[in-house]
Structure formats: structure tokens, C-alpha cells
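*Asks:* A predicted structure for the sequence below; I have some questions about it.
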Amino acid sequence: MSYLLKAKSWVPTQEKAADQTLDEQQRKTKEVRELLGSLTAEMPAFLTDATIRRFLRAKNWSTEQAAKDLKETVKWRRQYRPETICWEDIPGREYEARRTYIADYHDKNGRTVIISKPAMKSKSSTKDQIKLLVYNLEMLAMHSENEQDECVVWLTDFHGWVLTSTPLPMFRETTHIVQTYYPGLMARAIVSNPPRIFESFWKVVRHFIDPKMKDKVKFVYTNNPESHKMVADMFDLDKLETAFGGRSTVPLDMDKYAERMKQCDQARGAFLHTNGYSCST
């Protein structure tokens, strides 16, 4: 049996959010705004109270750390302009979306589900793969505006995975973007059926993962009763794909998915326009 299966069972990370009253959250949000100064006027659509609270949660409600990370994120957003990326802008989107897509169902706690299949060989450059990642993260962040806690479950199907499936530089960049520019989104990361060779890879890459994020990673095996129970507790198995222990064999309908993404682009564009931001949508 893989040592990954012997990893400790997933236990919710103890957050300090429960100790923060609404008044304390508002006070700390105001403190962060003061530390950010004129940046809040520069990026009002990004630096909402909800975004600031998300960064505060990720930093255990440290106003200094949250402000520091937000300043770094603003600098990155100036250069990358993630808010302008739309579905039509992504090269090879029909194929790449089959590798990473936002599911049309939620888990039993109402959290958004994003699915990755890294064993599928990409036909796009690393730059374009990162572009799709950022596009998806922007969508997830927009839908997290009214959430009080982490609201995304990331499912990764490792069936057929080999070492060359996930180049180390790509993994490091992906991890950096998720942890630094989009913290406080991920509630759980489910790694499904990793092959034995993944153990060597994990020994290396886990050092790039923030301890708080690492606690949210859970390895599951579809032929293991304990894993099956955990998955069944989290998901409606009739909706969940068989790759993760569910019963659904319905493939991704790319036409419907593309239409859903275009509708999300329109909603995001309206949100940005309302908050004083221009968007190519």
C-alpha cells in the first residue's frame, strides 16, 4: 500500500476566523485598507471587502501580512491583467478545458468544484496553460465574493500520470499563483489514484506548498473503502465522475461548457464595470 494512503485523515484546519467577530473583521478590513492607501482606489473591483477578508483569513487575520500579500498581488495584476482574460482569449481552449475545468455541480457543502486531469498531454505552451489557470481562478474568486470561508474543492485525476506529465517548473509556478495571488479559496485538494511513481514527485513538491495548504491535501484511492466513504460524505456520487469514485460517466459537453464560460465572462464584465474597472468582455 502506498505511503500516501497512510497519510493522516483530513481534518479541517483550525482557523482563527471563528474567533473573529463581525466587528473585528470589519476593523481589520479597515486597517488593511489604510495600509494599502491609494491602491484601493486604483483597483476597486479587486480590492473589495470580501477580497481583503479572504486574504486576512489566509494569513490568520494578520493585517500586516494580508496587506503585504495584497500589495504583491496588485503589482502582479498590473502586469498580468487577469481581469481582462476571457474564454475566447485562451488558445486551444476546447482541448485544454478537458484537462482543467470548473464542474457544473457542487459538493454537499455547496462548494465549487474544479477538476484537473494532468495525465492528458497538453497541446499548449506553458504560458497558455498558466493563462487558463488564471482565468479559472478569476472565475472562482468572483464566485467567492459572498463566502465566509474557503469555498473551492480541487479534484485531480492522476490515472495514467507519469513524471513528465507535470514539469516541476510548471508545478512551482502554479502553486505560487494559487497560494500568493488567490489565497483563501481552496477548502480541499483531492488527489485521486496517484501511481507509485508519484511518491517521489510528492517528496519534492510538498516543500513548495504552504503548510496550511498542505493540510488540505487528501489522497484517495477508488478501490479503498475508507477513501470511498470520505468521497461519498462529500459528494453526490451520481454527479461525481468515476475517476474519483463517483458513478457519473457523462463526458464534458464542450458546447455547453463554452456557453457557460461566456455567460460567466459577461457577468464578470458587468461586475468589473460596476466597480469602475474596464474589461475586454
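*Replies:* Good, I have the coordinates. Residues are numbered from 1 along each chain as shown.
*Asks:* which residues sit against stretch 135-142?
*Replies:* 51, 54, 82-83, 85-87, 89-90, 100-102, 112, 114, 151-152, 177-178, 181-182, 185, 261, 264, 267-268, 271 (CB atoms under 8 Å, 6 or more residues apart in numbering). Using the backbone N, CA and C atoms, a C-beta is placed for each residue, glycine as well.
*Asks:* so of the residues you listed, which ones are in helices?
*Replies:* Those of the contacts of stretch 135-142 mapping onto helices are 51, 54, 261, 264, 267-268, 271, per DSSP state H.
*Asks:* which residues touch whatever helix or strand residue 31 lives in?
*Replies:* If you go by DSSP states H and E, residue 31 is part of helix 22-36. The contact list for helix 22-36, computed with CB under 8 Å, 6+ apart, reads 20, 40, 47, 49, 52-53, 55-56, 61, 63-64, 66-67, 70-71, 74.
*Asks:* let's see the ChimeraX selection covering just the buried ones among these.
*Replies:* The buried residues among these can be selected in ChimeraX (16 or more other CB atoms under 10 Å) with this line:
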select :20,40,47,52,53,55,56,61,63,66,67,70,74
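*Asks:* after the helix holding residue 31, next one along is what?
*Replies:* helix 39-42.
*Asks:* roughly how far is that next one from the heart of the chain?
*Replies:* Chain-centre distance of helix 39-42: 25 Å, with CA atoms, centre = their mean, to the nearest Å.
*Asks:* let the chain start at 21 from now.
*Replies:* Sure, I'll start counting at 21 from here, so that last one is helix 59-62.
*Asks:* list the buried residues of it.
*Replies:* Going by neighbour count (16+ other CB under 10 Å), the buried part of helix 59-62 is 59-60.
*Asks:* packing partners of it?
*Replies:* helix 83-100 (3 or more CB pairs under 8 Å, 6 or more residues apart in numbering; DSSP states H and E).
*Asks:* return the list of helices and strands in contact with the helix it packs on.
*Replies:* Counting contacts by 3+ CB pairs under 8 Å, 6+ apart, helix 83-100 is packed against helix 42-56, helix 59-62, helix 69-78.
*Asks:* between helix 83-100 and the helix holding residue 51, find me the angle.
*Replies:* Here helix 42-56 runs at an angle of 50 degrees relative to helix 83-100 (axes from the mean of the first three to the mean of the last three CA atoms, to 10 degrees).
*Asks:* so who does the nearest residue to residue 130 once chain neighbours are set aside touch?
*Replies:* Nearest residue to residue 130, sequence neighbours excluded (CB to CB, 6 or more residues apart in numbering): residue 171, at 7.9 Å. By CB under 8 Å, 6+ apart, residue 171 lies in contact with 130-132, 160, 163-164, 205, 207.
*Asks:* for this protein, which spans come out with low pLDDT?
*Replies:* 21-39, 290-301 (pLDDT under 70).
*Asks:* which stretches in it count as strands?
*Replies:* 120-126, 132-136, 172-177, 206-212, 237-240 (DSSP state E).
*Asks:* need those in TSV with mean neighbour count, can you?
*Replies:* Listed next are those as TSV, based on neighbours: other CB atoms under 10 Å:
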stretch	mean neighbour count
strand 120-126	17
strand 132-136	21
strand 172-177	23
strand 206-212	22
strand 237-240	21
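*Asks:* in TSV, list the ones you listed along with distance to residue 50.
*Replies:* Putting the strands of the chain into TSV (distance: least, CB to CB, whole Å) gives the following:
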stretch	distance to residue 50
strand 120-126	32
strand 132-136	29
strand 172-177	27
strand 206-212	26
strand 237-240	34
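*Asks:* let me know which of these is the nearest to residue 150.
*Replies:* strand 120-126 (11.1 Å; CB to CB).
*Asks:* dump the closest one to PDB, restricted to CA.
*Replies:* In PDB, the C-alpha atoms belonging to strand 120-126 read as follows (Å, rounded to 0.1, in the frame of the first residue of the first chain):
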ATOM      1  CA  THR A 120      -8.900  21.600 -16.300                       C
ATOM      2  CA  TYR A 121     -12.500  22.700 -15.900                       C
ATOM      3  CA  ILE A 122     -15.000  24.000 -13.400                       C
ATOM      4  CA  ALA A 123     -17.600  21.400 -12.800                       C
ATOM      5  CA  ASP A 124     -21.400  22.100 -13.100                       C
ATOM      6  CA  TYR A 125     -22.100  20.700  -9.700                       C
ATOM      7  CA  HIS A 126     -21.100  21.500  -6.100                       C
END
